[in-house]
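Visitor: structure, please.
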Amino acid sequence: MVEHVPFTEIYVDDDVVDRTESVVRSRRYVQGPELDQFEAEFADEFEVEHAAGVSSGTAALSLAFRACGVGRGDDVLLPAHTFFATASSAMNLGANPVFVDVDPETYTIDVDDLARKADRADDPAAVVPVHIYGQPADMDAVQAIADDHDMAVVEDACQAHGARYDGEMVGSIGDVGCFSFYPSKNMTVGGDGGMVVTDDDDIDAAVRRLRNQGRTPNGDHVDLGLNYRLDEFKAAFGREHLSHVTEWGRMRRENAHRYDERLADVAAVETPTVRDDRTHVYHLYEIQADDRDELRSFLSDRGVETGIHYPQALHQHPAVRRRDDDLPTLPTVERLVDRIVSLPMHPWLTEAETAHVCDAIEAFYRGESP
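Guide: All right, here's what the predicted structure looks like:
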């Protein structure tokens, strides 16, 4: 069986166990030295001034929006092809999601559609370039449009740990960046967790208050925050994974390169496009495929596990449709969600496993039986 994204013992080695055991022995479970060290090491690794650990990637997005002043009635422009939290984090603050189509090759936000919708928006407050699947968005164009409309740039880097745009770490380019540490991500904390990164002192201070009941270091509650803290166990776990994330990204790219080479001549399959100025970290390896559902069934019969990310565009979900009857038509993403397939991708895929996946895909399009 070639697994899609395995949750195996390979993610938990003796170093992880030893470090989390040390937290138990310390009797310090929240707001302690492991979190301080994790934040400092993460900021250094991702080339930012500040990094604040939080309870999930969703919390990271919500706190980033609040720290940038996004609130009720504001327009937040975001791509319609991403995880639902990108939109719900803004919607839960009373903001209006403005759904933007995606680039047909990179699946990141379509900057031409973004420019048109920013021009038409009533109260554009923020734009969210999502570095989907580990592929950086066109940050030069996004930043230019944001500057023209005085919008905050909130990078959703929840799938893009270590990806680079024109040499710069994603998450470090806009006003604020958000990362997720869910167990299937390129690095994790052994459960839900997230990080908010920024070079802006005021944004960082706001996030730190809001994650801890709106409390300042001297004990005053100056905002209506909630408990979005990252605990010491997860910080300790995360420190170990952080030490491997660059190497794991390299291994993912090697696996992707093997897929690219083998599938290049399969006419019914479209492999990922990576721009020359971008470093993809392949949280997922996505193809577009003719006869997708039949292909997935065939691959399953041959022991290959696949996935679909995501089966609906954001604006097609019931929670959005109930809220707004006047939703856009977004032709690229609406076609994409019916064709996209996630092939097995993680750092420990072997050459034999990627070859088996590609053999099975070629066999399907040759008309062989499972």
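
Visitor: for this structure, what are the low-confidence residue spans?
Guide: The model of the chain has pLDDT under 70 over residues 5-10, 325.

Visitor: outline the domain layout of it.
Guide: The chain breaks down by automatic domain parsing into domains covering 9-242, 246-365.

Visitor: between those domains, which gets nearest to M1?
Guide: Minimum separation from M1 across these (C-beta to C-beta) falls at domain 246-365, 4.9 Å. For every residue, glycine as well, the C-beta is placed using N, CA and C.

Visitor: how long is that closest one end to end?
Guide: 36 Å (C-alpha to C-alpha, to the nearest Å).

Visitor: could you do stretch 222-230 as well?
Guide: With C-alpha to C-alpha, one end of stretch 222-230 sits 21 Å from the other.

Visitor: could you check how far the closest residue to G171 other than its chain neighbours is from F364?
Guide: Spatial nearest neighbour of G171, excluding adjacent residues (C-beta to C-beta, 6 or more residues apart in numbering): G177 at 2.7 Å. With distances taken as C-beta to C-beta, to the nearest Å, G177 is found 39 Å from F364.

Visitor: which element is L295 on?
Guide: L295 is part of helix 292-301 when elements are defined by DSSP states H and E.

Visitor: report the buried residues of that helix.
Guide: Buried residues in helix 292-301, counted by 16 or more other C-beta atoms under 10 Å: R292, L295, R296, F298, L299.

Visitor: how about the third one, what does it touch?
Guide: It stands for R296. T306, I308, V341 (C-beta atoms under 8 Å, 6 or more residues apart in numbering).

Visitor: kindly report the same for the first one.
Guide: Neighbour list for R292: D338, R339, I340, V341 [criterion: C-beta under 8 Å, 6+ apart].

Visitor: ok, and the closest non-adjacent residue to the second one?
Guide: In space, R339 comes closest to Q288 once its chain neighbours are excluded; the distance is 4.3 Å by C-beta to C-beta, 6+ apart.

Visitor: just the first one next, same as before
Guide: Closest residue in space to D338, ignoring its immediate chain neighbours: R292 at 7.1 Å, by C-beta to C-beta, 6+ apart.

Visitor: what of E41?
Guide: Nearest to E41 is L242, by C-beta to C-beta, 6+ apart, at 5.8 Å.

Visitor: A helix includes G225, no?
Guide: No. Under the criterion used here (DSSP: H, G, I helix; E, B strand; the rest coil), G225 is coil, not part of a helix.

Visitor: what's the burial count for it?
Guide: Residues lying near G225 (other C-beta atoms under 10 Å) number 19.

Visitor: repeat that for V207.
Guide: Neighbours around V207, by other C-beta under 10 Å: 30.

Visitor: right, and it touches A67 too?
Guide: Yes. At 5.0 Å, V207 and A67 qualify as touching, with contact defined as C-beta atoms under 8 Å.

Visitor: list residues touching both of these two?
Guide: Applying C-beta under 8 Å, 6+ apart, one finds that V207 and A67 are jointly contacted by V176, V196.

Visitor: helix, strand or coil for the residue nearest to R339?
Guide: When classified by three-state DSSP, Q288 comes out as strand.

Visitor: ends of stretch 104-119, how far apart?
Guide: Note: stretch 104-119 ends 22 Å apart using C-alpha to C-alpha.

Visitor: so which of G177 and F364 has more stuff around it?
Guide: Set G177 next to F364 and count neighbours by other C-beta under 10 Å: G177 wins out with 29 against 24.

Visitor: checking the more buried one next. Helix, strand or coil?
Guide: strand.

Visitor: please name the residues that touch it.
Guide: F46, V48, A64, V154, E155, A157, V170, G171, V196, V197, T198 are the contacts of G177 under C-beta under 8 Å, 6+ apart.

Visitor: dump those to CSV, plus distance to I145 and neighbour count.
Guide: Formatted as CSV, the contacts of G177 follow (distance: C-beta to C-beta, whole Å; neighbours: other C-beta atoms under 10 Å):
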residue, distance to I145, neighbour count
F46, 24, 21
V48, 22, 22
A64, 19, 32
V154, 14, 33
E155, 14, 31
A157, 19, 31
V170, 17, 30
G171, 19, 30
V196, 23, 33
V197, 22, 30
T198, 20, 29
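
Visitor: quick check: the two most widely separated of these?
Guide: Pairwise over the contacts of G177, using C-beta to C-beta, the maximum falls at F46 and V154, 15.6 Å.

Visitor: so where does T82 fall, helix or strand?
Guide: Per DSSP H and E, there is no helix or strand for T82.
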